[in-house]
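>>> Predicted model, plus sequence, below.
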Amino acid sequence: MILKQYYLGCLAQASYLIGDEESGRAVIVDPRRDVDVCIEEAGAMGLTIRHVFLTHFHADFVAGHLELRDRVGAGIGLGRRGQAAYEFTPLQDGYSLELGSVRLEVLETPGHTPEGISILVYDLASGSGKPHAVLTGDTLFIGDVGRPDLLASSGVTAAELGGWLYDSLHTKLLALPDETIVYSGHGAGSACGKNLSTDSSSTIGIQRLYNYALQPMSKEQFIATVTADQPDAPPYFAHDVSLNKSDRPTGAVEIKALDLAEFLDLRSSGAQVLDVREPIEFEGAHVVGSLNIGLSGQFASWAGTMLDLDKTTIIVGDNGTEEDAAIRLARVGFDQVAGFLAGGMQALDERREIVGRTERVTATTLAEQLSSDSAPVVLDVRTDVVQVGRSRGAIAVVLDVRTDGERAGKHIQGSIHIPLARLRDRVGEVPADRQVVIHCASGYRSSIAASDLRRRGFADAADMVGGISAWEASKLPTVSGPA
């Protein structure tokens, strides 16, 4: 038996290859959209991919089931409650598929979604008669369970799904032997749960003991517990669900190199400029009005959160990174990428008037500014009116863009709090009359936020270098509890 996990840190997402060496047949479960790796590795192992199963209609990424259908002729399997625009095999309790000495059996486990399934994996050569592993999709995570609130706007309530989830866990998954290995669909960093572990696998027994959502409680208590304090669902989730249900076009991602004139024409026509370099490079010099989301972090999910789905995207990056950026954007359903600026920022050497920079403020400098007794005023000599305005000397406003949980653990006294995922909807709460210094944990999210505010007209938005980690390293005080 071959069972391989493919983990994509950018999306905190796992897909699986299950194969049988003797028969040479394989199944892929929950593939990402770019399926080259699993096709190539299956071929290297002498396996032919015959089937592709989705544990549910994914919201956080576009799956590669259609790519596998079109490229290798794999048959698609979905939970029997699923409705899709393409041909598929409906999978229900008891459905079994044998691949030589490997058998897969389906458990219907609705709750995260109505059509959710889990897949038992049996190694028939072992002779144990017990499942070796269970692929739980988004029903059971390591340390958490799937959230039941994402479909609240589609006619099924969080309470209904939560009740189904409770039953799926207690009558199906917790009925499995303790030694059954658990392989889930996501890890820490996914918005599909609130307490996901960084571990790549576990067992039913360990989860029974330590998973907060599996502890003894009534169904009503369970629903209240798993629906509370969930992270914000990014706006692209509904779009990706729709793509995963539709018979969309497939094909390799192609990206065009744009000369400066083409790039500027698209920018003038309303295309959004996405700079995928690291924050320190972006803040040193960037195209005015561009959004910075570095490739080193959870690029795809933040791109899906911060970009506009209905706008064309053009990319600025270091040479050789642009195609990777386009592939990652395609993973979350952003297909309208018109191209990238050939030559990167060096192409703008003669156009310095459209090159901007973001001020980087150290923790100690910010602390000194915040300790000032009073905000200075600015004299507008054109009107002889004294005004408090955006001046270099005005006391800064500190904006914390971390999550609610991070904020409650520790924060800078007097700072305001808007999680990055909510910044688009709450930008009106950001003071416009003085400098805004933004921080997160270490600097990745704050650079996104600073670039987003600057493109929305907050010319004095600045980034605190190193985030709250640098603040604490400088021996500066924090407070805990809700703001």
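On my side now, so go ahead. Residues are numbered from 1 along each chain as shown.
>>> host element of residue 105?
Here residue 105, judged by DSSP states H and E, is contained in strand 102-108.
>>> Please read the previous query as pertaining to residue 206.
With DSSP H and E as criterion, residue 206 is part of helix 204-210.
>>> Give me the mean pLDDT for the strand holding residue 105.
Mean pLDDT, strand 102-108: 98.
>>> do stretch 444-451 as well
Here the average pLDDT along stretch 444-451 is 97.
>>> Contacts made by it with the rest, please.
275, 279, 282-283, 286, 290-294, 296-297, 302, 306, 358, 399, 401-402, 420, 423, 438-440, 461-464, 467 (Cβ atoms under 8 Å, 6 or more residues apart in numbering). C-betas here are computed from N, CA, C, even on glycine.
>>> Give me the subset of these lying in helices.
279, 282, 283, 302, 306, 423, 467 (DSSP state H).
>>> for those residues, which one is nearest residue 183?
residue 302 (25.9 Å; Cβ to Cβ).
>>> and that closest one, how many neighbours?
21 (other Cβ atoms under 10 Å).
>>> The one 10 residues further on too?
Neighbour count for residue 312, taken as other Cβ under 10 Å: 16.
>>> Report the contact partners of it.
By Cβ under 8 Å, 6+ apart, residue 312 lies in contact with 266, 269, 270, 271, 272, 336, 337, 338.
>>> Ok, residue 156 next?
Here residue 156 is in contact with residue 114 (Cβ under 8 Å, 6+ apart).
>>> so how far is residue 210 from it?
Distance of residue 156 to residue 210, computed by Cβ to Cβ, to the nearest Å: 30 Å.
>>> What of residue 100?
For residue 100, the distance to residue 210 - Cβ to Cβ - is 35 Å.
>>> try residue 223
21 Å.
>>> Between these two, which is the more surrounded one?
It is residue 223, of residue 223 and residue 210, that has more neighbours when counted by other Cβ under 10 Å, with 22 against 13.
>>> mind listing the strands for the stretch 1-150 of the chain?
2-8, 13-20, 25-29, 48-53, 75-79, 89-91, 96-99, 102-108, 117-123, 133-137, 140-141, 144-145 (DSSP state E, counting those that start in this stretch).
>>> partners of the first one in the sheet?
This means strand 2-8. strand 13-20 (antiparallel) (DSSP bridges).
>>> Put the alpha carbons of the strand it pairs with into CSV.
Presented in CSV, the C-alpha positions along strand 13-20 are these (Å, rounded to 0.1, in the frame of the first residue of the first chain):
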residue,chain,number,x,y,z
GLN,A,13,-4.1,22.2,2.8
ALA,A,14,-3.5,18.5,2.4
SER,A,15,-4.2,16.1,-0.5
TYR,A,16,-3.5,12.4,-0.7
LEU,A,17,-2.4,9.7,-3.0
ILE,A,18,-3.5,6.2,-2.2
GLY,A,19,-2.2,3.4,-4.4
ASP,A,20,-1.5,-0.3,-4.7
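>>> Let me know the angle separating that strand from strand 102-108.
140 degrees (axes from the mean of the first three to the mean of the last three Cα atoms, to 10 degrees).
>>> so how far is strand 13-20 off the chain centroid?
How far strand 13-20 lies from its chain's middle: 20 Å, per Cα atoms, centre = their mean, to the nearest Å.
>>> Can you name the residues in contact with it?
In contact with strand 13-20 (Cβ under 8 Å, 6+ apart) are residues 1-8, 25-32, 38, 41-42, 45, 47, 60-61, 99-102, 104, 121, 135, 183-187, 190, 200.
>>> which phi and psi does residue 290 have?
phi -90, psi 160 (degrees, to the nearest 10).
>>> pLDDT below threshold where in the stretch 151-300 of the chain?
152-154 (pLDDT under 70).
>>> quick one: low-confidence parts of the stretch 351-483 of the chain?
Residues of the stretch 351-483 of the chain that meet the cut-off, pLDDT under 70, sit at 373-394, 482-483.
>>> swap the cut-off to 90 and go again
Applying pLDDT under 90 to the stretch 351-483 of the chain picks out residues 369-396, 404-405, 432-434, 480-483.
>>> Helices of that one, start to end?
Per DSSP state H, counting those that start in this stretch, the stretch 351-483 of the chain carries helices over the ranges 363-370, 404-409, 423-426, 444-455, 467-473.
>>> Mind checking those for the one nearest to residue 237?
helix 423-426 (14.5 Å).
>>> Mind listing residues that contact the closest one?
235, 305, 306, 401, 418, 449, 452, 453.
>>> Out of the strands of the stretch 1-150 of the chain, which is the most enclosed?
strand 140-141 (a mean of 31; mean count of other Cβ atoms under 10 Å).
>>> Just the mean pLDDT for it, thanks.
Per-residue pLDDT values over strand 140-141 give a mean of 96.
>>> Tell me the spacing between residue 225 and residue 211.
Taking Cβ to Cβ, one finds residue 225 at 11 Å from residue 211.
>>> count of residues packed around residue 425?
Around residue 425 there are 11 residues (other Cβ under 10 Å).
>>> how close does it sit to residue 298?
Residue 425 is 20 Å from residue 298, by Cβ to Cβ.
>>> Contacts only, for the residue nearest the centre of the chain.
Using Cα atoms, centre = their mean, the residue of the chain that lies closest to the mean C-alpha position is residue 301, 2.9 Å off. Residue 301 is in contact with 10, 11, 12, 60, 189, 190, 191, 234, 332, counting by Cβ under 8 Å, 6+ apart.
>>> check contacts around the last one.
Spelled out, that is residue 332. 11, 60, 61, 62, 236, 240, 300, 301, 303, 304.
>>> Top of the residues you listed by number of neighbours, please.
residue 61 (30 neighbours).
>>> contact partners of stretch 28-37?
Contacts for stretch 28-37 (Cβ under 8 Å, 6+ apart): 6, 8, 11, 13-18, 38, 42, 49, 51-55, 58, 61-65, 67-68, 71, 74, 119, 135, 137, 185, 253, 327, 330-331.
>>> starting at the chain centroid, how far to it?
17 Å.
>>> what about that stretch, start to end distance?
Terminal residues of stretch 28-37 lie 12 Å apart, using Cα to Cα, to the nearest Å.
>>> Pull out the buried residues from that stretch.
Buried residues in stretch 28-37, counted by 16 or more other Cβ atoms under 10 Å: 28, 29, 30, 31, 32, 33, 34, 35.
>>> nearest to residue 82, of these?
Closest to residue 82, out of all of those and judged by Cβ to Cβ, is residue 30, at 13.6 Å.
>>> Grab the nearest non-local neighbour of that closest one.
Spatial nearest neighbour of residue 30, excluding adjacent residues (Cβ to Cβ, 6 or more residues apart in numbering): residue 15 at 4.6 Å.
>>> and that neighbour, what are its bridge partners?
residue 6.
>>> follow-up on the earlier one: export the strands of the stretch 1-150 of the chain to CSV and tack on distance to residue 161?
Shown next, in CSV, are those (distance: least, Cβ to Cβ, whole Å):
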stretch, distance to residue 161
strand 2-8, 26
strand 13-20, 21
strand 25-29, 22
strand 48-53, 21
strand 75-79, 14
strand 89-91, 19
strand 96-99, 27
strand 102-108, 14
strand 117-123, 15
strand 133-137, 14
strand 140-141, 15
strand 144-145, 11
